[in-house]
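Asker: Just need the structure, nothing else, for what follows:
(chains A, B, C, D and E)
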Amino acid sequence: MTAKSSSSSDRLTDSYPDILLNYAHTEPGSIPGTFAIDDRAKAPEINLIDYNSDLHHYGTNLTPEECVAHLSTESVSWVDVGGLGNKETLEKLGEVFELHPLILADIVNVPQRPKLEDYQDRLVIIIQMVNFAPKNREIWLEQVSFVLGKNYLLTVQEEPQQDCFAPVRDRLRKNKGTIRQHKADYLTYALWDTIVDGYFPVLEMYGEKIEQLEELVLNQPTKTTLGKIHQIKRDLLSLRRAIWPQRDMLNMLIRDGHILISDRTLRYFKDCYDHTIQIIDTIEIYRELTSGLMDVYLSSVSNKMNEVMKLLAVISTIFIPLTFVAGIYGMNFNTDTSPWNMPELNWSWGYPLCLTVMLAIALVLSAYFWRRGWLN
Amino acid sequence: MTAKSSSSSDRLTDSYPDILLNYAHTEPGSIPGTFAIDDRAKAPEINLIDYNSDLHHYGTNLTPEECVAHLSTESVSWVDVGGLGNKETLEKLGEVFELHPLILADIVNVPQRPKLEDYQDRLVIIIQMVNFAPKNREIWLEQVSFVLGKNYLLTVQEEPQQDCFAPVRDRLRKNKGTIRQHKADYLTYALWDTIVDGYFPVLEMYGEKIEQLEELVLNQPTKTTLGKIHQIKRDLLSLRRAIWPQRDMLNMLIRDGHILISDRTLRYFKDCYDHTIQIIDTIEIYRELTSGLMDVYLSSVSNKMNEVMKLLAVISTIFIPLTFVAGIYGMNFNTDTSPWNMPELNWSWGYPLCLTVMLAIALVLSAYFWRRGWLN
Amino acid sequence: MTAKSSSSSDRLTDSYPDILLNYAHTEPGSIPGTFAIDDRAKAPEINLIDYNSDLHHYGTNLTPEECVAHLSTESVSWVDVGGLGNKETLEKLGEVFELHPLILADIVNVPQRPKLEDYQDRLVIIIQMVNFAPKNREIWLEQVSFVLGKNYLLTVQEEPQQDCFAPVRDRLRKNKGTIRQHKADYLTYALWDTIVDGYFPVLEMYGEKIEQLEELVLNQPTKTTLGKIHQIKRDLLSLRRAIWPQRDMLNMLIRDGHILISDRTLRYFKDCYDHTIQIIDTIEIYRELTSGLMDVYLSSVSNKMNEVMKLLAVISTIFIPLTFVAGIYGMNFNTDTSPWNMPELNWSWGYPLCLTVMLAIALVLSAYFWRRGWLN
Amino acid sequence: MTAKSSSSSDRLTDSYPDILLNYAHTEPGSIPGTFAIDDRAKAPEINLIDYNSDLHHYGTNLTPEECVAHLSTESVSWVDVGGLGNKETLEKLGEVFELHPLILADIVNVPQRPKLEDYQDRLVIIIQMVNFAPKNREIWLEQVSFVLGKNYLLTVQEEPQQDCFAPVRDRLRKNKGTIRQHKADYLTYALWDTIVDGYFPVLEMYGEKIEQLEELVLNQPTKTTLGKIHQIKRDLLSLRRAIWPQRDMLNMLIRDGHILISDRTLRYFKDCYDHTIQIIDTIEIYRELTSGLMDVYLSSVSNKMNEVMKLLAVISTIFIPLTFVAGIYGMNFNTDTSPWNMPELNWSWGYPLCLTVMLAIALVLSAYFWRRGWLN
Amino acid sequence: MTAKSSSSSDRLTDSYPDILLNYAHTEPGSIPGTFAIDDRAKAPEINLIDYNSDLHHYGTNLTPEECVAHLSTESVSWVDVGGLGNKETLEKLGEVFELHPLILADIVNVPQRPKLEDYQDRLVIIIQMVNFAPKNREIWLEQVSFVLGKNYLLTVQEEPQQDCFAPVRDRLRKNKGTIRQHKADYLTYALWDTIVDGYFPVLEMYGEKIEQLEELVLNQPTKTTLGKIHQIKRDLLSLRRAIWPQRDMLNMLIRDGHILISDRTLRYFKDCYDHTIQIIDTIEIYRELTSGLMDVYLSSVSNKMNEVMKLLAVISTIFIPLTFVAGIYGMNFNTDTSPWNMPELNWSWGYPLCLTVMLAIALVLSAYFWRRGWLN
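Answerer: All right, here's what the predicted structure looks like:
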C-alpha cells in the first residue's frame, strides 16, 4: 500500500509480505488535519493537461500556483499530482483547491478507506488502485484521490511515475474516442474505470494461482502449499476491502446523481459500477474456493498419512509374526535334556518346513490386505 | 462459458476444467465500448422468424440490413444471432437496433454478469444459459442477450448452432399453444423460461452426483472423491452466480412492470421467477450438502486411519512381548558356569512351558482387545 | 415427497433415502401449463363436505361436475381431492374452479415450492405437509393445495387416503368446537394449522435422535454414526425448505389481510404463524446442534486414535529396549577368543543380573508413562 | 423448562440433560385453545397484592373469583398465579381476565416462544425466565406470563413457590424505592427487569466455565472436555432463544409505546431493553468462544498425538537399527567352514567394538532428533 | 476493563487474562439506579478547565458543588472526573448535572455497553476506551462517560490518573489548533476522537502479533501458538464489542444531528465516524485471518505428524525385513541332522552373501521411498 511494500520483490510467491493491513492514522489526540508523511515518500510532481475538443496543452513539474490560472477557464484542466513527500506543496495544493483540512489529511495520510465527500461545488473521491507488475507478479495497493470541480480535476497519487493512467493520457493526446468532447466528469470516469479495470488482470492471476493450488493440494500437499493458500486468502481480503467501498460510492453517485456529473456521463459510471460488482462477485467466489482449499488440504494430508500408515501396518503385520517364528527357533532350549525341548530343530525337514510355514503366514496376511484394498 | 471450455470433453467427471471464473474485460484504460473478440469465436449467423397468429416467415443467414424492414411491421420479428466472431456485423447490428456502445460491448464481450437495462422503448436483458450434453455429462455456460423492442426481439448467442431454443421455434412453426397469439414480450418470456428451466436437469445431475458421493465418502474415501467434492462446490458456485442475478432481474420486472410487457405476460414472468427461486433454493441445499460432505470426508478418513492403527496396535502389542520372550531364551548365557544361568533351558518341559506361556500371553492380550472392541 | 419415497420403509434410520431434493419441472421449452404426471400417481378421488352450523352433508367419489352445484350455496363446501393420476379429471377441476393453467400445473406437478397466489375473489395456497409414520419412523413430504373461494374450499393432496385431516373432518361431523359456525376461511385455517402442527412430532423425533447421537458420538463414534449425522442434516434442510415459505405466506396474509378472511379468523392465522416461527426456531437449533456434532465426531475419532497410539507407543517403548538387550546376549561372539568378548555370559549371576536390568528398564519406563498420564 | 428438568440434579456438569428443545404443542388437528397440561404440574396457587402509596394488602390462596373485586379499584392489584395443574381454575382465570382462548392456551401450554399481544385495553406478555440454583449450578427455564390491565397485573408462573420475585414483593411491602408511587406498568417493568437481570449471574457462570475449559482444552483435552464444550454450546443456544424475542418485544414497546404504559415508565423499559442487548452481546461472544474452543480442542488432540508419535518414532528409530545389529551377530554362520563367515565373532575386540558401533549409531540418531527438536 | 485486569502484567502474551466478558449488573430485583461500586475503585478526583479563545482556567480536586458556578457561564467548562469509588460524590454529581438515576447508574456501574442518550438539553454518551501500555504490551478497556450541556462537558473515567486526554489538555492550555475557538461540542469531538484513535496502535500491535503467528504456525506449531491464536480471537471479540456501538452512535449523531452540536463540528464527527469504520474493517480482517490461522494450525500439525509417520515408516520398513533375515539365520536348526537344515550356515560365502542380500533389500526399499518422495 506504500512504497515500502512495493519494494520487496515477488512477495506473493516467495515470502510473507509486509502489507500494511492497518489504515494510516495520526498520534491519538493530535490536532485534526495533522499530516503523517512517510520519510520515504517522494516529493510531489505536478503535471497539468488542459484540453477541450480542439485544444491539448501539457505542462510538467508545475507548482500549485501555476495551476490556478487554468482552473477557471472553460477548457478542462487535469492537475495530476504524484508523490506525497512535501508538506508545504501539499498545503499549498489544499489552499488552491480550497480543501477542508480533514480531507487534505485523508489525501495525504495514506492509506485511507475509500470514501466520497460531496460538497456542492466539488466532489472528493478517495480510492485504492491495485498495481500489478506482471513480470515478478508483484502486487501492491496505492491510494488515488480525485477532486472534481466545475472545469478541473485534481488527482493525487502516491508515486510520481505512475503508468496506470498512461492509456488515458494517450487518448487525450491523440484525441482517441470521444474523451475530449466531454467535461471533467467524463475524465473522472475514464480514470476511475481504468483503476477498476486494473483489478481484472490481478484477479485472473489469482484465478490461475488457485487452479494450480487445486492441483497441488490434491496431489502434493506441502507446507509451502499451505502458506500459499493462507497468503491468497489474505490478499483477497485486502482486495475486497479496497474494492467494496468503491462499489458503494459508485452506487450512491448513480442513485443520487450530482450536479457536476451529466446524465450522459452517469451512464458510463453505471458501467463502471457493473465492473465493481463483477470484481466483488469474483473475489467472493475465489474466497469460497480458497476456504474450500483449506479443507481439501487437511483432508489431503490425512489421506497421505493414511497411506503411510497403511504401508507401515502392512509391513509390520506381515514381518512381526515371521520374526517371532524365527525368534522361537533361535531359542537355546537344550534338545539333549528332553525330547520335548525343540525336537523340531533335529527334524530332517525342520528348516524347510519352518520356511514354508513362514511363507504361508506371509501369503495369508498379504491376501487379507489385498482383499481389504490396502495394497493399491 | 466460451467455446473453449465446451470443447474439453467430460470435464466435470474426469479432470479439472478451464471454467473462466473471471468475467470478460478489456485492457484497463481502453476506450469504453471496445470489443474483446475471442479468436476462436464463430462468425455470426443471423436468422429471422416473423410471425403473428396467421403468419410464420422464416429467413436464414441474413445480414443485419435485411432485418430492418421486418422490425417496423406489426407482426413479431425474432432476429436470432448466433456467433460473435465478426466485428463489422456486430457493429452493424448495434446500429440497426440503436444500441448504446457500452451495451453492445456487454453483448459481445462474453461472459458478463447477467443484467437488465431499461430504456423507455427497449429492454436489454443479458443472461447466462447453462448447456448440458447428457451423453458425456458436459456442462458449460453461454451468454444470451435479448433486446426487446415494440414488435421485435433480438437474441444474441455465443454459438451459431444452438438447439436450446428449438422447442420454442417448433411451437412457433407448428402454432402449438398460444405463443403466436402473443407479442414479442411473450416470446421473451418463452425463451427466458426455456433457459431457466434448463437449469433443472443440470441440478438433477448434481443431485445424483451428490448422492453417489455420499455413499463413496462414507465407505471408500479416496483422493478422487475429494477432488469431485471440490469440483461440485466449484460448479455450484458458478451456477449460483449465473442464476442469482436473473432472479433479481425478474423480481424487478414483476415489481415495476414495463411498458413493453403486458400484464397478461407478466403473470408468466412471475412463474419464471418462481422457477429461479426454486433453482436457487436447490443450489443452496446442494451447497450445504457438499460442505457437509467435506466434513464427512475428513471424519471418514480419520475413521479409516483409526482402523489401520488399531490393527497395527493389536498385532504389535500381541507379538512384541512374545518376540521378547523368544529373545530371552535365545540368549547365550553359559548354563555350565552357574546354576543361575538360564536353568530353564535344561528343564525337561522348558520348551513346552515356554510355548504355553507365550500362548497364554497372546490369549490374555487378545481377550483384552476383544473386550475393548478393537477386533471387529 | 412422492408416493415413491414413502414406499421405501424406514429410510431415515437404515439407508440412504431417495428424497427428491429437486423440485418438479417440465421439459425445458415445453408449453407453460404442461402437466408432468408421475406414472405411479393414483387416480384422483373427490369427496365433498357441505356444512353450516345446522347442516352436515358428506359426499364421496364425486366427479368435478357434481361439485359445481354446491359451490354457489351459502353453506361452506369443502371439496377434497386426493390423487393426481388422471389428466382429464384435473383439467376438469381447473375448469370448474376457473384456475389459471400455470396454477393448475403447480398443483399437479408436485413438488413445488410453497406459494400463495392472491386473486381478488380466490386465494390459492400451495404448501408442503410432513407425513410421519411413527411405527417405522418413516417421514415424507406431500404437497397440499388450497383454493379458497367465497363459500367453498378446494384441497388437493397427492394421496387419496390421507388421514391427516381426519381430526378436522371429525370436528365437522360431530360439531366439536366452533368450526361449523365459521366460514371457509376458518376451515382453511383449521387444515393449515393441522399441517403446521404436524411438524412438531417430527421435530420431537429428531430431537430424540440428536440426543442419542450426542451420546454415541462421544462414546462410540462409528461410520454409521457419521452417516446418521449427515442424514439428519439433510432431512432438516428439507424440512426447513418446506416450512420457511409457509411462514412468509402466513406473515403476508396477517400483514395485508384478505377480503376472504375475516378479522376474527385472522387472529387464528396469527396463532398458526407463531407455530411456524417456533418450528423454524427449533429447526435452526437442531441444525446448529447437528453441525456441532460433526465437529464433536471428528474430535472424538481423533481422541480414540490417540488412545490407540498411546497403547502402541507404551508397549513398543517398553519392549523394544528389552528385546534389544535380549538381542545383545543372543550374539555369538566367541568368549573363548578373548576375555573382552561377552564375559557376562560366563558370569555366575549373568542371567539373573540381565533379567534384573530388564525389569528395571521396564519399571522406569512404566513409571515415566504413568507420570505422563498415558496409562489411564 | 418444566418441573421435570429441574428435578435432575446438577445436569449441566455431570450428564446430558433433558432440556425440552421443542416447544409445547397440542395434538395436530385438535380444537384451537386446547390445554396440554402436564401430569406433574402443580395446582395453581393464587396470591394477590393490592397497593398504592399508602396501602399494602396481601392475600394468599385465593380463588379467581375472589380477585375480581380488586381489579376495578384505583389501587394496583397484582394477581400472582403459580402452578398450571388445574384446568378449571385456569379456565376461570381466563374468564375473569377475559382472555382469548388462544392466549390462555399459550399461557398454559408451556413452553411457548416469548410473545407480546397488544389488545387495546390489555397487554399480554409471555416470556422465559432463567432459574439458577447456585449450589448445584442447576439451570432451567420457566415461562412467566403477564396480563397488564388498567389497574391490575396478572402474572402466571409454572411453579407455585417461586422466589425470583421476592425482592420486588419486599420492595412493595417495605415501600422501598418509588415502586408504590407508580402504576401497574411500573410493576410490570420491575418484574420483567428482575427476570432479565436473572440472566446475568447465569452468564457469569458460563463465563467461568469457558475460562476453565480454555485451560483444560490446551493442557488436558479429554472426552469429558469435549462433552462439556458441546453442552455449553447447547445451553447458550437455549438461552439465546429465550432472550432474543424479549429484546424484540421490548424494542417494539419502546418504539410504539402503549396506552397502558406511561412515558416515565417507558424510560425504565428502555433500561431493561439495554440489558437484553448486553445479554445477547455476551451470549454471542460466548458462542464464538465456544466454537473456537472446539477448533482448539481438535488441534490440541492432534498436538498430543503428535507428541506420542514422536516418542514412538524416536524409540523405534534408535532401537530398531541396534536390534538389527544384535540380530546380525546372533546368526549362526559356521565360522569354522570359512574365514569369511562372521570372522568378527572371533576377534579379540569384537564384542566391545560391536557395542561401540551400537553406541555410535544411538548417539548419531539422538543428535539428529535433537537437532530436529523432537526431544523436548 | 477494571483496575483488576490492568494489574496483571503482560497478560496477553504469557497467561490467560481475567477480562470481564460480562457487563456490570446489579442484583436481580434491586431498585433501579442502584450502584455496584467495586471495593478497589479509587475515590473520584474532579478537575475543571474553563476556557474560551481568551481564557484558560484550571482547577483541581474540586467538589461537585464548586463546579456549579462554572456551568452557567458562557465560557466552556470541562469537568473531568476520574475514579468511581465514592457513592456520595457521585450522587452529588448526579444532582448537579441533573442526571436520571438510571443514567447515573450506567456511568457508575462499569462496564456498560456504549450508549447514547439524547435529552433535549443534554447529550449523554457512554463509551469504551482502550488503554495500551506499550512497554509490557498490556491492554485493558476503560469506560468513559460524557455529559454534554450547553456550555459545559462532564467526563467520567474509571481511573483518576488518566493520561489519554493529556494531548487535548495540552492543546487547550497552549491554545494549539482551533480548539479554544469552538464550543463544548468540539471538545466532545476532540476527546472522543482521541479515544477512537487510541484503537489504532492497539490494532497495529495485533497486526504484528498475527504476522508473527503466521510464521510460527507454519514452521513450529506448538501448544503455545495455539493458545495465542485463541487469545487474539478473544481480544478481537472484546475490541469489536467495544467499538461497534460507537460507530452506530456516531452514525446516528451525523444522520440526525443534535441541537447542541453545530454543523461545523458535525463535519469533524464525520471524520471520527470514518475512523470507527476503519477500525471495524481492520478488526474484521484480523478476525478472518485469525480464524484462518486456526485452520492452518491444524493442517500444519497434521503435516508435522505426517513427517514423523513417514520417518517411522521408512525406518521400520527397511529394518524389519533385515531383522527378519538375521532372525532366520539365528535359528538353531541342527545342520548335522539333515542336509536340508540351514545348509547356508556352512557355506563358505554364506555370511557375505547374507549381508549382500540384506544390503540389496535395504537399497531396493530406499529407492522405493526415494521415488515416492518420502526421503526429503
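
Asker: which stretches of the stretch 1-150 of chain A aren't confidently modelled?
Answerer: Within the stretch 1-150 of chain A, the stretches with pLDDT under 70 are A:1-21.

Asker: which residues in it form strands?
Answerer: A:45-51, A:56-62, A:76-82, A:115-118, A:123-133, A:138-148 (DSSP state E, counting those that start in this stretch).

Asker: list the contacts for residue A:34?
Answerer: A:26-27, A:105 (Cβ atoms under 8 Å, 6 or more residues apart in numbering or on different chains). (Each C-beta comes from the backbone N, C-alpha and C, glycine too.)

Asker: hang on, the earlier thing: just tell me which of the strands of the stretch 1-150 of chain A ends up closest to residue C:229.
Answerer: Residue C:229 sits nearest to strand A:138-148 of all the strands of the stretch 1-150 of chain A, at 41.9 Å, using Cβ to Cβ.

Asker: what's the following helix or strand after the closest one?
Answerer: Where DSSP states H and E defines the elements, the next helix or strand beyond strand A:138-148 is strand A:152-157.

Asker: Give me the sheet partners of that following strand and which way each runs.
Answerer: Sheet pairing of strand A:152-157 (DSSP bridges) gives strand A:76-82 (parallel), strand A:138-148 (antiparallel).

Asker: quick one: average pLDDT of it?
Answerer: Averaged across strand A:152-157, pLDDT comes to 94.

Asker: for the helix or strand following it, packing partners?
Answerer: The helix or strand immediately downstream of strand A:152-157 is helix A:166-173, counting by DSSP H and E. The contact analysis (3 or more Cβ pairs under 8 Å, 6 or more residues apart in numbering or on different chains; DSSP states H and E) places helix A:166-173 against strand A:45-51, strand A:56-62, helix A:184-197.

Asker: and those, which is most packed in?
Answerer: Across the helices and strands packed on helix A:166-173, averaging neighbours per residue (mean count of other Cβ atoms under 10 Å in any protein chain shown) puts helix A:184-197 on top, at a mean of 23.

Asker: now the closest residue to chain D within the stretch 51-200 of chain A: how far from chain C?
Answerer: Nearest to chain D, among the residues of the stretch 51-200 of chain A, is residue A:113, at 24.9 Å (Cβ to the nearest Cβ). As judged by Cβ to the nearest Cβ, to the nearest Å, residue A:113 and chain C stand 34 Å apart.

Asker: Same check on residue A:302?
Answerer: For residue A:302 relative to chain C (Cβ to the nearest Cβ), the value is 10 Å.

Asker: Name the secondary structure element that contains that residue.
Answerer: Using DSSP H and E, residue A:302 sits in helix A:263-328.

Asker: now the angle from that helix to helix B:263-328?
Answerer: Orientation check (axes from the mean of the first three to the mean of the last three Cα atoms, to 10 degrees): helix A:263-328 against helix B:263-328 gives 20 degrees.

Asker: now the residue of the stretch 51-200 of chain A closest to chain D, nearest residue through space, not along the chain?
Answerer: Of all residues not flanking residue A:113 in the chain, residue E:278 sits nearest, at 5.0 Å (Cβ to Cβ, 6 or more residues apart in numbering or on different chains).

Asker: Equivalent analysis for residue A:262, please.
Answerer: Nearest non-adjacent residue to residue A:262, counting by Cβ to Cβ, 6+ apart: residue A:185, 6.0 Å away.

Asker: ok, the one you found - contacts?
Answerer: Going by Cβ under 8 Å, 6+ apart, the list of residues near residue A:185 reads A:148, A:260-262, A:265.

Asker: wait, doesn't the residue of the stretch 51-200 of chain A closest to chain D sit right on residue E:273?
Answerer: No - counting by Cβ atoms under 8 Å, residue A:113 stays clear of residue E:273, with 11.2 Å between them.

Asker: returning to what we had before: could I get the helices and strands packed on helix A:166-173 as JSON lines with distance to residue C:218?
Answerer: JSON lines is the format used below for the helices and strands packed on helix A:166-173 (distance: least, Cβ to Cβ, whole Å):
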{"stretch": "strand A:45-51", "distance to residue C:218": "68"}
{"stretch": "strand A:56-62", "distance to residue C:218": "74"}
{"stretch": "helix A:184-197", "distance to residue C:218": "52"}
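
Asker: What residues sit buried inside stretch A:113-127?
Answerer: Applying a neighbour-count criterion of 16 or more other Cβ atoms under 10 Å in any protein chain shown, one finds A:113-117, A:122-127 buried in stretch A:113-127.

Asker: related to what we said a few turns ago, and the helix holding residue A:302, what other elements does it pack with?
Answerer: helix A:184-197, helix A:199-219, helix A:223-256, helix A:350-371, helix B:101-108, helix B:223-256, helix B:263-328, helix E:263-328.

Asker: That helix to helix A:199-219, inter-axis angle?
Answerer: Per the same axes, to 10 degrees, the angle that helix A:263-328 makes with helix A:199-219 is 10 degrees.

Asker: now helix A:263-328: mean pLDDT?
Answerer: The pLDDT scores in helix A:263-328 average 93.

Asker: chain center to that helix, what's the gap?
Answerer: With Cα atoms, centre = their mean, to the nearest Å as the basis, helix A:263-328 stands 19 Å off its chain's centre.

Asker: Next, the angle from that helix to helix B:350-371.
Answerer: Using the same axes, to 10 degrees: helix A:263-328 against helix B:350-371 is 150 degrees.

Asker: how big is the angle separating helix A:263-328 from helix B:223-256?
Answerer: Here helix A:263-328 runs at an angle of 160 degrees relative to helix B:223-256 (the same axes, to 10 degrees).

Asker: Check the gap between the residue of the stretch 51-200 of chain A closest to chain D and residue A:246 for me.
Answerer: According to Cβ to Cβ, to the nearest Å, residue A:113 stands 10 Å off from residue A:246.

Asker: Equivalent analysis for residue A:145, please.
Answerer: Counting by Cβ to Cβ, the gap from residue A:145 to residue A:246 is 13 Å.

Asker: Mutual contacts of those two, please.
Answerer: With contacts taken as Cβ under 8 Å, 6+ apart, the residues that reach both residue A:145 and residue A:246 are residue A:127.

Asker: In a markdown table, list the strands paired with strand A:152-157 along with mean neighbour count and distance to residue E:37.
Answerer: Listed next are these as a markdown table, based on neighbours: other Cβ atoms under 10 Å in any protein chain shown; distance: least, Cβ to Cβ, whole Å:
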| stretch | mean neighbour count | distance to residue E:37 |
| --- | --- | --- |
| strand A:76-82 | 23 | 57 |
| strand A:138-148 | 23 | 48 |
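
Asker: can you list those in a markdown table and add distance to residue A:211?
Answerer: Shown next, in a markdown table, are the strands paired with strand A:152-157 (distance: least, Cβ to Cβ, whole Å):
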| stretch | distance to residue A:211 |
| --- | --- |
| strand A:76-82 | 36 |
| strand A:138-148 | 18 |
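
Asker: number of nearby residues for the residue of chain A found nearest chain D?
Answerer: The minimum distance from chain A to chain D, using Cβ to the nearest Cβ, falls at residue A:330 (6.8 Å). Counted with other Cβ atoms under 10 Å in any protein chain shown, the neighbours of residue A:330 add up to 27.

Asker: Helix or strand for it, just tell me which one.
Answerer: Using DSSP H and E, residue A:330 is not contained in any helix or strand.

Asker: Quick check, it in contact with residue E:329.
Answerer: No - counting by Cβ under 8 Å, residue A:330 sits too far from residue E:329 to count as a contact (9.1 Å).

Asker: Residue A:44 and residue A:23: what is the separation?
Answerer: For residue A:44, the distance to residue A:23 (Cβ to Cβ) stands at 21 Å.
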